[in-house]
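Colleague: Sequence plus the predicted model coming up.
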Amino acid sequence: SEHAQCSGFLQASPSSSSIATRRLLSAAMRTAPEVRAVLEAERQLHILPLVADAGSPAFAQLVGANLPGLRARLAKSLRAGEAERAVEPFPGVCELGSLPAEERAALFDDGCRLIARGALAVLLLAGGQGTRLGSSAPKGCYDIGMPSGKSLFQYHAERLLRVRQLAAAAAGVDVSTVRLPLAVMTSDATHEATSRFFAEHAHFGLPPADVHFFEQGMLPCLSLEGEILVEGAGRVAMAPDGNGGVYSSLLKSGLLDKLETQGVTSFFQLCVDNALCRLADPMFVGYCVREGAECASKTVPKAHAHERVGVLGLQHGRACVFEYSEIDAVTAEAVDSKTGNLLFGTAHICVNWFALAFVRRIATDPSCALPLHVARKTVRALPPPSQLQAGSSLPTEPSDVECIKLEMFIFDAFFFAKKMVALQVPREDEFAPVKNAPGSVTDSPDTARALLSAWAERRVIAAGGTVDEGAAKGALLELSPLVSYDGEGLEELVRGKTFTLPYELR
């Protein structure tokens, strides 16, 4: 296990942060002496020569990293990983279909009015590249092959534009007065390409002043003994800190303060690779606010008991997400005797809502520090001090070194919520992940295209239209988000008409 492989580090790590480290935890590192003080507290003395002054490459890398308490946080996480987690179902998941139509409409209206006041921002996690899709570009630039040729970024932007229109109509105001900011979290590998892609496409019609790009954080790669690895040329080996770094990245970028000043009180969060996400869903926003939640999650029913997805649940009475590997077969197959549904059937699809005050608390309160998750990888680096023989000279050329890469998960913040709610929605209406290579049987561009087309067909038929599948196998129907967000306003466009596929309603 990862824990056994890192046992040397566990034994060498303190059970809690030193007093000096705890004092530094809440203070931002800005100067070389401050960075050096943290490195000394973290027993990373071999890095001190690399941060002698603020002009060094290593200083530029480490000054924004969440270093204070790193060893203690990792040791705590590893110990927690060794302990068996108490697995409980998440209680009171609200089924969207159980809400009366009148209640859904009222919640939708409430959410629209909140959006019209400028109280919501959209948080788009878009740090990944399309490597598994055969592209080195940011994943959001990927064209999944619908008739329009739109990228994932364009789909999300157009849904945002449509929500602004719906919010303006509900509030009786001009759409130009509705501010719905889009905060896009990029990574070191995708930041420039993402901002350039938006600029080249005129921000897809969004007001440029309301589109913000910020980078997720980085954490140093560690040896199996917990030493920061040096990659050479005065630089340390770094890796992205995971989607759980979004809280601190929003704060450090200054964007959290800026949005709060503009009147934002909550975030709707999604991942860029969900092609069917109902971005900024006013009904969901209205529901979260009505329930007085600090955070909330949209879930979908698991496809089957052993689907490899995270599941919303409870640990010691607190909300959490269990990875599929943490649930044994018997537990995974357990059924609620009253409903016949899986007890652990609420799949977390990383569509969440957060109160801004909750995001700030996670980013600033040391007692809410997220656990660090370990992945064993190989990186090009110089051997760490623990691997050098006494008296031997330090190699100057990097080689393949086993390392620990650390990341945080966005859902680990659920544990700290005073109140969290969940809304279970139809999978076929809101979840079309694009993760695997073209041709894959699940979570691929092919399956996403089919899901988007089937969703559009259901909306057209419900509005009184007819769909002719045409002669071409797998021909697609595409419904532009600029025409309809979820089927509204389609009657006058489609009633009594037949659409022969392929067809794009725009």
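Modeller: Okay, I see it.

Colleague: ok, which stretches of the stretch 401-506 of the chain are helices?
Modeller: 427-430, 445-462, 491-494 (DSSP state H, counting those that start in this stretch).

Colleague: Report the buried residues of the last one.
Modeller: Applying a neighbour-count criterion of 16 or more other Cβ atoms under 10 Å, one finds Val494 buried in helix 491-494. Using the backbone N, CA and C atoms, a C-beta is placed for each residue, glycine as well.

Colleague: Check stretch 263-280 too.
Modeller: Those would be 264-280, for stretch 263-280 by 16+ other Cβ under 10 Å.

Colleague: check contacts around the closest residue to Phe415 other than its chain neighbours.
Modeller: Computed as Cβ to Cβ, 6 or more residues apart in numbering, the closest residue to Phe415 that is not its neighbour in sequence is Arg318, at 4.7 Å. Going by Cβ atoms under 8 Å, 6 or more residues apart in numbering, Arg318 touches Phe414, Phe415, Phe416, Ala417.

Colleague: hang on, the earlier thing: tabulate the helices of the stretch 401-506 of the chain (CSV), appending distance to Gly130 and mean pLDDT.
Modeller: Formatted as CSV, these follow (distance: least, Cβ to Cβ, whole Å; pLDDT from 0 to 100):
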stretch, distance to Gly130, mean pLDDT
helix 427-430, 22, 97
helix 445-462, 10, 97
helix 491-494, 33, 96
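
Colleague: Of all these, which one comes closest to Ala171?
Modeller: Among the helices of the stretch 401-506 of the chain, helix 491-494 comes nearest to Ala171, with 23.1 Å by Cβ to Cβ.

Colleague: helices or strands up against that closest one?
Modeller: Applying 3 or more Cβ pairs under 8 Å, 6 or more residues apart in numbering; DSSP states H and E, we find helix 491-494 packed against no helix or strand.

Colleague: redo that, cut-off 10 Å
Modeller: Helix 491-494 sits against helix 445-462, with contacts defined as 3 or more Cβ pairs under 10 Å, 6 or more residues apart in numbering; DSSP states H and E.

Colleague: Buried residues, the helix it packs on. List them.
Modeller: Using 16+ other Cβ under 10 Å as the burial criterion, the residues of helix 445-462 that qualify are 445-449, 451-460.

Colleague: then that helix to PDB, C-alphas only?
Modeller: C-alpha atoms of helix 445-462 as PDB (Å, rounded to 0.1, in the frame of the first residue of the first chain):
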ATOM      1  CA  PRO A 445     -16.400  11.700 -26.800                       C
ATOM      2  CA  ASP A 446     -18.600   9.000 -28.500                       C
ATOM      3  CA  THR A 447     -20.700   8.400 -25.400                       C
ATOM      4  CA  ALA A 448     -21.000  12.200 -24.700                       C
ATOM      5  CA  ARG A 449     -22.200  12.900 -28.200                       C
ATOM      6  CA  ALA A 450     -24.900  10.200 -27.900                       C
ATOM      7  CA  LEU A 451     -26.000  11.600 -24.500                       C
ATOM      8  CA  LEU A 452     -26.200  15.200 -25.800                       C
ATOM      9  CA  SER A 453     -28.200  14.100 -28.900                       C
ATOM     10  CA  ALA A 454     -30.600  11.900 -26.800                       C
ATOM     11  CA  TRP A 455     -31.100  14.800 -24.400                       C
ATOM     12  CA  ALA A 456     -31.900  17.100 -27.300                       C
ATOM     13  CA  GLU A 457     -34.300  14.600 -28.800                       C
ATOM     14  CA  ARG A 458     -36.300  14.300 -25.500                       C
ATOM     15  CA  ARG A 459     -36.600  18.100 -25.400                       C
ATOM     16  CA  VAL A 460     -37.800  18.400 -29.000                       C
ATOM     17  CA  ILE A 461     -40.300  15.600 -28.600                       C
ATOM     18  CA  ALA A 462     -41.600  17.100 -25.300                       C
END
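
Colleague: quick one on the thing from earlier: out of the buried residues of stretch 263-280, which sit inside strands?
Modeller: Among the buried residues of stretch 263-280, the residues falling in strands (DSSP state E) are Ser266, Phe267, Phe268, Gln269, Leu270, Cys271.

Colleague: Can you find which helix in the chain contains the most residues?
Modeller: Secondary structure of the chain read by DSSP state H shows that its longest helix is helix 152-171.

Colleague: Max pairwise distance over the buried residues of helix 445-462: which two?
Modeller: Using Cβ to Cβ, the buried residues of helix 445-462 span at most 22.4 Å, a distance reached by Pro445 and Val460.

Colleague: picking up where we left off before, output the helices of the stretch 401-506 of the chain in TSV; the columns should cover distance to Val421.
Modeller: Below are the helices of the stretch 401-506 of the chain laid out as TSV (distance: least, Cβ to Cβ, whole Å):
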stretch	distance to Val421
helix 427-430	17
helix 445-462	25
helix 491-494	33
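
Colleague: To Lys298, which of these lies closest?
Modeller: helix 427-430 (6.8 Å).

Colleague: residues in contact with that closest one?
Modeller: With contact meaning Cβ atoms under 10 Å, 6 or more residues apart in numbering, helix 427-430 is reached by 96, 274, 276-278, 281, 284, 298-303, 347, 349, 351, 451, 454-455, 458-459, 486.

Colleague: again, only using 6 Å
Modeller: Leu276, Arg278, Val300, Pro301 (Cβ atoms under 6 Å, 6 or more residues apart in numbering).

Colleague: Please spell out the segments of the chain that come in under the pLDDT threshold.
Modeller: 1-29, 81-84, 390-394 (pLDDT under 70).

Colleague: so how far is the first residue of stretch 487-499 from its last?
Modeller: Stretch 487-499 has an end-to-end distance of 16 Å (Cα to Cα, to the nearest Å).

Colleague: wait, what's in contact with the residue nearest to Ser253 when sequence neighbours are not counted?
Modeller: In space, and not counting its chain neighbours, Ser253 is closest to Phe214: 3.9 Å by Cβ to Cβ, 6+ apart. The contact partners of Phe214, taken as Cβ under 6 Å, 6+ apart, are Ser249, Ser253, Leu255.

Colleague: Out of those, the closest to Cys112 would be?
Modeller: Of the contacts of Phe214, the one sitting nearest to Cys112 (Cβ to Cβ) turns out to be Leu255, at 24.3 Å.

Colleague: Next, work out how far apart the closest one and Phe267 are.
Modeller: As defined by Cβ to Cβ, to the nearest Å, Leu255 lies at a distance of 11 Å from Phe267.

Colleague: Could you do Glu469 as well?
Modeller: From Glu469 to Phe267 the distance is 40 Å (Cβ to Cβ).

Colleague: Same check on Pro433?
Modeller: Distance from Pro433 to Phe267, by Cβ to Cβ: 21 Å.

Colleague: Next: Ile327.
Modeller: Distance from Ile327 to Phe267, by Cβ to Cβ: 29 Å.

Colleague: go on, Gly140?
Modeller: On the measure of Cβ to Cβ, Gly140 and Phe267 end up 18 Å apart.
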